[in-house]
Structures are given as structure tokens and as C-alpha cells.
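Visitor: okay, here's the prediction I keep looking at, along with the sequence it came from:
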Amino acid sequence: MQEQTQQSEEMINEENSAGEEAVENDATPTEGVDTQTTEEDAEAELDPWEALEIEAAKWKDQAIRTAAELDNFRKRMTREKLDAVRYGNQRLLEELLPVLDNFEMGMQAAAQEKGSMLYMGMDMVHKQIGEFFTTQNVTEIPTTVGGDFDPNLHDAISQEPSSEIEDGKIIRIVRKGYQIGDRLLRPSNVTVAQSAESSESSENQPQPENE
């Protein structure tokens, strides 16, 4: 009887020991998980600062871009204002050019009587017109007989054969051209020289037959 009681106590002790070991084994992984979680939480606490730094860098870049765009806008507005002042009368000046052409043709017709009061009055008015154009930054396009033909400044309205002027050069100024600042107001109408060989070659080319 006593032996049975002793065996029972030993079995109970073994069961208790096994239970304690199981509890310890269950606790050990939990402690590892808690440690890992704590480390992750510590790292997570640093992420907001990094996020703030990234956000601050993004806003700084946006501010730099906005400042650059604003500076470009101010420069463009300043340039447009200057152009408005410089070229604001361009339309009016273009309409005045034919009037000036007719006035100068009248002066050429009256040039035979340069000592007359009429011519002297016309010459005075012509000078005043020139002074007005100067105040508007309008200048005559430099065009000379025998000079180079510039398609950006000159408009060739015809060609004439010439043995004295090189082929492609200006042989006659039909109408003066003008520019306002660096902007073309009206091209010069000119006649361009054509060599005798080029003229003969063009004349010998067969003409298309009319159907």
C-alpha cells in the first residue's frame, strides 16, 4: 500500500515537471517574438522622421521650381511690355509708309525747282517725317545697287540681264524697305541682275504647250 502511494506521488511529480517544462517552452518563443516586435517598433519610431525629411525635400524642390517659373513669368511679362512699347505703333507705321513713298515721288518730281518755296517746304516736311520715324526706332533697310540680295530683307520682283553687275546682285531699287528695331516692317522691292548666259539659257528653254 505504501509503495502504491509512493508511485502515485512520483507520477504526479513527473506530470507537474512535464507541465512546467511545457510552460517554459511555450514562454521561450513568446519572449523571442516580444524582443523582435520591440526592435521593429523601435525602427518604426524612426520612420516618421525619415518621412518628414523626404516630404521636406519634396516641398523644397517644389518651391525651387515655383520660384524659377515665377522668375521666368516676370521676365516674359517685362519683355512683352517692352515689345508693346517698342512695336505698339507698328500697324500705324506700316500704313504711313505708302504715304511717305508718294511724298518722296512728289519731291523727285519737284527736284528740278529745288530753289522754289514749294520744294523747300516739302523738304522740311520730309525731314520732320524722318525725325518722327527715328523716334519710333524705324530705320531704312540698307540697300545699294550692286549689293548682295538678302531674302530676309529684300523682295525680288523681277530680274534683268546685265553685263555690268554680277549675277544675283541688286540692279535696281524699286521701293525702299524699313525695319522697326530688329523686326522687319517692310522688305525692299528690288530688281536682281541676271547674267547674259543665264538669260539666254532661260529663253532657250522650251515653253509648255497650251492644250
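Guide: Thanks, I have it.

Visitor: please identify the helix or strand for the residue nearest the centre of the chain.
Guide: Geometric centre of the chain, nearest residue: Arg76, 10.1 Å, by CA atoms, centre = their mean. Using DSSP states H and E, Arg76 sits within helix 2-87.

Visitor: can you tell me the element Pro142 falls in?
Guide: Applying DSSP H and E, one finds Pro142 in no helix or strand.

Visitor: that one and Tyr178, how far apart?
Guide: For Pro142, the distance to Tyr178 equals 11 Å [CB to CB, to the nearest Å]. No exception for glycine: its C-beta is placed from N, CA and C like everyone else's.

Visitor: next one: Leu185
Guide: Leu185 sits 4 Å away from Tyr178, going by CB to CB.

Visitor: where in the protein is pLDDT low?
Guide: Within the chain, the segments meeting pLDDT under 70 span 1-46, 196-211.

Visitor: now with 50, please.
Guide: Counting by pLDDT under 50, the chain contains low-confidence ranges at 22-23, 27, 29-30, 32-33, 211.

Visitor: for the helix or strand harbouring Thr191, packing partners?
Guide: Assigned by DSSP H and E, Thr191 belongs to strand 188-194. Packing partners of strand 188-194 (3 or more CB pairs under 8 Å, 6 or more residues apart in numbering; DSSP states H and E): strand 154-161, strand 170-175.

Visitor: who wins for proximity to Glu53 among those?
Guide: strand 154-161 (63.5 Å; CB to CB).

Visitor: tell me which of Pro142 and Tyr178 has more neighbours.
Guide: Set Pro142 next to Tyr178 and count neighbours by other CB atoms under 10 Å: Tyr178 wins out with 19 against 10.

Visitor: phi, psi for that one please.
Guide: Torsion angles at Tyr178 (phi, psi; degrees, to the nearest 10) stand at phi -140, psi 160.

Visitor: looks like it contacts Thr143 (just checking).
Guide: No: using CB atoms under 8 Å as the test, Tyr178 is too far from Thr143 to be in contact (10.6 Å).

Visitor: give me the contact list for the strand holding Thr191.
Guide: With CB atoms under 8 Å, 6 or more residues apart in numbering as the test, strand 188-194 has contacts from 141, 143, 149, 153-162, 165-177, 202.

Visitor: drop anything exposed from those.
Guide: 141, 143, 149, 153-154, 156, 159, 161-162, 165, 169-171, 173, 176-177 (16 or more other CB atoms under 10 Å).

Visitor: these: which two are farthest apart?
Guide: Maximum pairwise distance among these (CB to CB): 25.3 Å, between Ile141 and Pro161.

Visitor: returning to what we had before: now the helices and strands packed on strand 188-194 as JSON lines including distance to Asn189?
Guide: As requested, the helices and strands packed on strand 188-194 are exported to JSON lines (distance: least, CB to CB, whole Å):
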{"stretch": "strand 154-161", "distance to Asn189": "5"}
{"stretch": "strand 170-175", "distance to Asn189": "4"}
